[in-house]
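Novice: task: produce atomic coordinates for the following.
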Amino acid sequence: MSRALPQVEPDPSLPHRVTVYEVGPRDGLQNESAVVPADVKAEFVRRLVAAGLDTVETTSFVDPRWVPQLADAEELLGLLGDTGRGAHRPVLVPNTRGLDRALAAGVGAVAIFGSATETFARKNLNRTVEESVSMFAPVVERARAEGLWVRAYVSMCFGDPWEGPVPVEQVVDVCRRLMDLGCDQLSLGDTIGVGTVGHVHRLLDALDAAGIGPERVGVHFHDTYGQALANTLAALRDGVTVVDASTGGLGGCPYAKSATGNLATEDLVWTLDGAGVETGVDLDALVETSAWMAAHLGRPSPSRVVRALTGG
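Specialist: All right, here's what the predicted structure looks like:
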């Protein structure tokens, strides 16, 4: 594949460096109907790491009945060995049982996943928001005691398919309660992709006023309405330096059918490369990895950059 990069025009309004938090192996694959073999998932993670993605979320220790695609978490981490461990290889855990499994597998980082709305909390966790926070408290406490890095995802931060618009104050309240448990980082999820630039600025301002500054925040935008990249740039201009993305734009949410793919890692890296922002990611290697995974899934990659560079 020939080298193709955008012309670099540095943008002083953006951070000097951005950490791409790769969610493809977990969030990207979790909604696939055909089960991807563990050895293919392991090779996927290895290729992502080799492409320069320092942080890769590998899998989830949820009940296999909830997400059958990720029922092979132990097998996958066994295949990965040291590549699947450490503070830069987080896994999702829903409760103390999931944490037990993660600790037994030797992980170094975990993520919990809450909801800004009651309806989604019920659908995703079968609990109220209050009950979910109580469920996560011992998970975070034990994880920190074991020396693990802990992330808190909050879904439906910009809108909910059942409840509609979600008040900013409500989102901030849930975020603060989860971060007060002792989490290291907060990820704001636009689960159904309805967020807009002004909404992003307002939420980040409100979080900052509540004591959760942009240095502790990551953003996780879905591209349902084509707004993921614009919203990401808005967050970066507000001081955020961690962006969740999924190689090839894979992903969705099994509990919210209106949630389409994540922001494609390649599209993000192309934009940041063009703005002179460092990511450490080799775009060519990443595109090759996306094309390889798309072949395993039997369909073209949704990423615009992957399609442009591969002619697919």
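
Novice: residues near residue 5, how many?
Specialist: When neighbours are counted by other CB atoms under 10 Å, residue 5 registers 12. The C-beta positions use only the backbone N, C-alpha and C, and glycine is treated the same way.

Novice: quick one: it from residue 40, how far?
Specialist: As for residue 5, its distance to residue 40 is 29 Å (criterion: CB to CB, to the nearest Å).

Novice: ok, now residue 33?
Specialist: Counting by CB to CB - residue 33 and residue 40 are separated by 15 Å.

Novice: what's the answer for residue 264, then?
Specialist: According to CB to CB, residue 264 stands 20 Å off from residue 40.

Novice: between the two, which one's more packed in?
Specialist: Remark: of residue 264 and residue 40, residue 264 carries more neighbours, 30 against 15, as counted by other CB under 10 Å.

Novice: run through the bridge partners of that one.
Specialist: residue 246 (DSSP bridges).

Novice: ok, now which ones touch it?
Specialist: 223, 245-249, 301-306 (CB atoms under 8 Å, 6 or more residues apart in numbering).

Novice: with those residues in mind, which one is nearest to residue 52?
Specialist: Using CB to CB, the shortest approach to residue 52 within those belongs to residue 247, at 12.0 Å.

Novice: can you list phi and psi of the residue nearest to the closest one when sequence neighbours are not counted for me?
Specialist: Leaving aside its sequence neighbours, residue 247 sits nearest to residue 24 (CB to CB, 6 or more residues apart in numbering; 4.0 Å). With angles defined as degrees, to the nearest 10, residue 24 sits at phi -50, psi -50.

Novice: pLDDT weak spots in the protein?
Specialist: 1-4, 252-260, 312 (pLDDT under 70).

Novice: quick one: distance of stretch 184-196 to the chain centre.
Specialist: 9 Å (CA atoms, centre = their mean, to the nearest Å).

Novice: sorry, slip of the keys, the one I care about is stretch 226-245.
Specialist: 13 Å.

Novice: how long is it from one end to the other?
Specialist: 14 Å (CA to CA, to the nearest Å).

Novice: buried residues, that stretch. List them.
Specialist: Using 16 or more other CB atoms under 10 Å as the test for burial, stretch 226-245 gives 227-229, 231-238, 240-245.

Novice: and for stretch 9-18?
Specialist: Result for stretch 9-18 [16+ other CB under 10 Å]: buried residues 11, 14-15, 18.

Novice: alpha carbons of that stretch, as PDB, please.
Specialist: Provided in PDB are the C-alpha atoms of stretch 9-18 (Å, rounded to 0.1, in the frame of the first residue of the first chain):
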ATOM      1  CA  GLU A   9      -1.200  22.300   8.700                       C
ATOM      2  CA  PRO A  10      -0.700  22.600  12.500                       C
ATOM      3  CA  ASP A  11      -3.800  23.700  14.400                       C
ATOM      4  CA  PRO A  12      -2.700  25.600  17.600                       C
ATOM      5  CA  SER A  13      -6.200  25.200  19.000                       C
ATOM      6  CA  LEU A  14      -5.700  21.500  19.400                       C
ATOM      7  CA  PRO A  15      -3.600  19.600  22.000                       C
ATOM      8  CA  HIS A  16       0.000  18.800  21.000                       C
ATOM      9  CA  ARG A  17      -0.700  15.100  21.600                       C
ATOM     10  CA  VAL A  18      -3.800  12.900  21.800                       C
END
